[in-house]
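**Q** Let's see this in three dimensions:
(one chain, ligands or ions: 1)
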Amino acid sequence: MAYSGPFQAGDRVQLTDAKRRHFTITLLEGESFFTHKGEIRHSDIIGQDEGTVVRSSAGGEYLCFRHLLVDHVLSMPRGAAVIYPKDAAQILIEGDIFPGATVLEAGAGSGALSSWLLRAVGERGRVISYEVREDHIDYARDNVATIMGGHPANWDLRLGDFRSVRRGDTGEVDRVILDMLEPWEMLETVRDVLIPGGVFMTYVATVPQLMKVMEGIREQGCFTEPRAWESLVREWKVEGLATRPEHRMNAHTAFLVWTRRLADGVVAPRPQRRARK
Ligand SMILES: C[S@@+](CC[C@H](N)C(=O)[O-])C[C@H]1O[C@@H](n2cnc3c(N)ncnc32)[C@H](O)[C@@H]1O
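**A** Below you'll find the model as predicted:
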């Protein structure tokens, strides 16, 4: 599947009209797409550069681009809520997802985070994704195949409960990322599979979940003091004297929690707090 260069048959293309409405089509030789402004022939797009404008038979104008990964993730069919791009970006950077890494994730859900992880680890890396629900695993498999142009050879998608996973199932892994309701119940697994120095991140929506997982990490005694934060991204409208922040934003999605695995048998120095005056 091509990510750049002139359009080819098989590409998923986003058409945007003058009212900024989006239509997504998959280019096929001999096919047409019908809009309220008439017919657009796929052959008028195949072979053109991205960023071209195609005209429909009734004079509509449509700007043509391939889907970026972010467009796929926000428009794809979902079984479960996806990790928002602003949070996926935090996971890729703070989770230090590097080319060649072995990353273990659960649950696969709709496959959004799996797609970002697969791209970041590259062909030398490996992503192992667990999902407990059969209906969700189908969404994940289909969405990733659509985005990647087939099932990636370095993606190991498994149906199963993450809590019963042990090192014998996966080998040692460099990173663990959990997006599920009860990550504090999975900490025995994380402890068992994560390499010393490895990063564990989890994503939880509510304050009680945040408190439970932070306490659970501390109780394990084999992780550094966990950090917690959220990411707030606000778009701006930039139009002369009307320049201002947008009124609406996706303010709260979830909290991010981060920690690192200590070497076996090591007790981390207790974090010192300033004495109260
Ligand atoms: C919010 S969704 C994950 C969305 C995914 N990160 C994405 O970006 O598309 C949570 C998923 O975790 C799965 N899940 C919950 N508990 C699990 C467990 N113990 N083992 C494996 N998967 C689990 C659920 O079935 C659900 O599909």
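**Q** so where does Ser110 fall, helix or strand?
**A** Secondary structure assigned from DSSP states H and E places Ser110 in neither a helix nor a strand.
**Q** check contacts around it.
**A** The contact partners of Ser110, taken as CB atoms under 8 Å, 6 or more residues apart in numbering, are 76-82, 136, 139-140, 143. Heads up, the C-betas are built off the backbone N, CA and C, glycines and all.
**Q** per-residue confidence for the nearest residue to Ala140 once chain neighbours are set aside?
**A** For Ala140, the nearest residue in space outside its immediate sequence neighbours is Gly111; the separation is 3.5 Å by CB to CB, 6 or more residues apart in numbering. Looking at Gly111, its pLDDT stands at 98.
**Q** could I get the contacts of Ser110 as TSV with neighbour count?
**A** Below are these laid out as TSV (neighbours: other CB atoms under 10 Å):
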residue	neighbour count
Met76	20
Pro77	11
Arg78	15
Gly79	21
Ala80	18
Ala81	13
Val82	22
His136	19
Tyr139	22
Ala140	25
Asn143	24
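**Q** Please list the members of those that lie in helices.
**A** Assigned to helices by DSSP state H, the following of those qualify: 136, 139-140, 143.
**Q** Kindly identify which of the contacts of Ser110 also come near the ligand.
**A** Among those, proximity to the ligand is found for 80-82, 136 (CB under 6 Å from any ligand atom).
**Q** need the residues you listed in TSV with pLDDT, can you?
**A** Formatted as TSV, the entries for those read as follows, by pLDDT from 0 to 100:
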residue	pLDDT
Ala80	93
Ala81	94
Val82	95
His136	97
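**Q** and stretch 61-70, how far from the chain's centre?
**A** Taking CA atoms, centre = their mean, to the nearest Å, one finds the center of stretch 61-70 at 19 Å from the center of the full chain.
**Q** buried residues in it?
**A** Within stretch 61-70, the residues that qualify as buried are 62-64, 66-67, 69, counting by 16 or more other CB atoms under 10 Å.
**Q** swap in stretch 41-55?
**A** Of the residues in stretch 41-55, those with enough neighbours to count as buried (16+ other CB under 10 Å) are 42, 44-46, 50, 54.
**Q** just to revisit the earlier point, export the buried residues of stretch 61-70 as CSV, with columns for pLDDT and secondary structure.
**A** Listed next are these as CSV, based on pLDDT from 0 to 100; DSSP: H, G, I helix; E, B strand; the rest coil:
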residue, pLDDT, secondary structure
Tyr62, 97, strand
Leu63, 98, strand
Cys64, 97, strand
Arg66, 94, strand
His67, 88, coil
Leu69, 93, helix
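**Q** with these in mind, which one is nearest to the ligand?
**A** Compare each of the buried residues of stretch 61-70 with the ligand using CB to the nearest ligand atom and the shortest gap goes to Leu69, at 12.1 Å.
**Q** I figured that closest one hits Ser115, correct?
**A** Yes - Leu69 is in contact with Ser115 according to CB atoms under 8 Å; the separation is 6.2 Å.
**Q** any shared contact partners between those two?
**A** Overlap between the neighbourhoods of Leu69 and Ser115 consists of Ile147, taking contacts as CB under 8 Å, 6+ apart.
**Q** Contacts made by stretch 141-149 with the rest, please.
**A** For stretch 141-149, the surrounding residues in contact (CB under 8 Å, 6+ apart) are 1, 10, 12, 69, 72-73, 76-77, 110-112, 114-115, 118, 151-152, 155, 157.
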